[in-house]
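Student: sequence and predicted structure, then a few things I'm wondering about:
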Amino acid sequence: MSPSTPRLRRALLDLTAVLAALLCALTPLPAAADGPADTAAADGPAGWTARPAGSGADRDARPYVYLEGTPGTALHDRLAVTNSGRAPLTVRLRGDGRAGAWIGFAADTVTVPARTRAEVPLALTVPPDAVPGDASGEVVADDGDEEVRVPVRVRIGGPTLAALTVEDVGISGGTIRYALVNRGNAMLEPRLAVRADGMFGTLLDRPERPLPLELAPGRRVERTEPWPDAPALDAVTVRLRVTAAGGARDEAAASATYVPVAPAVGGGLLLLGGLALLGSGAYRRRRTRRGDPEPPGAESADDRQSTTETTPWVKAGSLVKAGPLVKAGPLARKGSLVKAGSRATTGPLAETGAES
């Protein structure tokens, strides 16, 4: 082997390493690096959007469609559908809600190419008999798998009335239940204040605060107010006060009695036991004062004494009249001795009937 052979082999290895490094540097990043994001955008809600159309730097930045008009007029706007995926997108458009039913689209079905934004004109016709005030609805864009809802708000010209009521107030444990109803024709954002008074003072006092909802005309919403530190034993009255812009205001109240279940049951049992003991003692004392009842057919001591005194013991007249023993009747009645033959008997013996 010549001396140049190891040098040549080392040079070939170095050249191979350099070529491999160059190939790695020139190879583009794999498509999987940005592929998942595009796939997720095309398959999920992030793959396309539907918003109120706009222009300028803040294009499509409006959170909802807002229109104003009088009854019988047609109001116009545009809906922007943006497809950020790599495949064409087909969506169907429709209106939902009170104001949504008044909306018509230039096309109910729209196909948007990949990475394209399309604007769809829409027209909202206010009914001639619409009540002045606020109305709301939604524009729904559906691609068959997902849907996007765009809020729509309409201010109908004419005199407005703000009327709000709080109804069906109830208390259940640590929860206060109530319902809010928009009785007017204007959109309302209610505010709520809560106060609860017990037998010994105020138990709850929450100042007025805005509620996280918008109440459309004619809408009714049932809500709850938590009360985690409700009393265990008390009689309370809860008062709710609601207000809204335009002078809307209403109040309602409800009462409840809090009684612990276990002590109440135990106290009731103790009370029943005490009443039973009192009744038993009173019955025994009454029996003691009256004495034991006589058995049926028994005779009292007085009856027996009267019977003894009135019973004629000397009924066997033959003993007195017959025989020679009693010859002197007067002596026998006076209790003196009676001589009759060989025997003598005193009067008392004759009266008691022992011997004559």
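Tutor: Here it is on my side, so go on.
Student: quick one: least confident helix or strand in this protein?
Tutor: helix 35-43 (a mean of 35; mean pLDDT, DSSP states H and E).
Student: mind listing what whichever helix or strand comes after it pairs with, with the direction of each?
Tutor: Once helix 35-43 ends, the next helix or strand along the chain (criterion: DSSP states H and E) is strand 48-52. When pairing is defined by DSSP bridges, strand 48-52 lines up against strand 74-83 (antiparallel).
Student: name the residues of the strand it pairs with that are buried.
Tutor: Residues 75, 77, 79-83 are the ones in strand 74-83 that count as buried (16 or more other CB atoms under 10 Å). To be clear about C-beta, it is placed using only N, CA and C from the backbone, and glycine gets the same treatment.
Student: just send those residues back as a markdown table, with distance to P217 and pLDDT too.
Tutor: Shown next, in a markdown table, are the buried residues of strand 74-83 (distance: CB to CB, whole Å; pLDDT from 0 to 100):
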| residue | distance to P217 | pLDDT |
| --- | --- | --- |
| L75 | 18 | 97 |
| D77 | 21 | 96 |
| L79 | 25 | 96 |
| A80 | 29 | 95 |
| V81 | 30 | 95 |
| T82 | 33 | 94 |
| N83 | 36 | 95 |
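Student: just name the closest of those to Y178, please.
Tutor: Set against Y178, the nearest of the buried residues of strand 74-83 by CB to CB is L75 (35.9 Å).
Student: hmm, the closest one is touching L67, no?
Tutor: Yes - between L75 and L67 there is a contact under CB atoms under 8 Å: 4.1 Å.
Student: tell me, what's touching the two both at once?
Tutor: 124, 154 (CB atoms under 8 Å, 6 or more residues apart in numbering).
Student: rounded mean pLDDT for stretch 254-261, please.
Tutor: What stretch 254-261 shows for mean pLDDT is 88.
Student: how about residues contacting that stretch?
Tutor: For stretch 254-261, contacts defined as CB under 8 Å, 6+ apart pick out 169-171, 176, 230-238.
Student: could you dump that stretch to PDB, C-alpha only?
Tutor: The C-alpha coordinates for stretch 254-261 follow below in PDB (Å, rounded to 0.1, in the frame of the first residue of the first chain):
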ATOM      1  CA  ALA A 254     -90.300  36.400  49.700                       C
ATOM      2  CA  SER A 255     -90.200  35.000  53.300                       C
ATOM      3  CA  ALA A 256     -88.900  31.700  54.700                       C
ATOM      4  CA  THR A 257     -88.300  30.100  58.100                       C
ATOM      5  CA  TYR A 258     -85.100  28.200  58.700                       C
ATOM      6  CA  VAL A 259     -85.400  25.400  61.300                       C
ATOM      7  CA  PRO A 260     -82.700  22.700  61.800                       C
ATOM      8  CA  VAL A 261     -84.200  19.300  61.000                       C
END
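Student: still on that earlier bit, dump the buried residues of strand 74-83 to a markdown table, plus distance to A118.
Tutor: Listed next are the buried residues of strand 74-83 as a markdown table, based on distance: CB to CB, whole Å:
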| residue | distance to A118 |
| --- | --- |
| L75 | 21 |
| D77 | 15 |
| L79 | 9 |
| A80 | 7 |
| V81 | 5 |
| T82 | 8 |
| N83 | 8 |
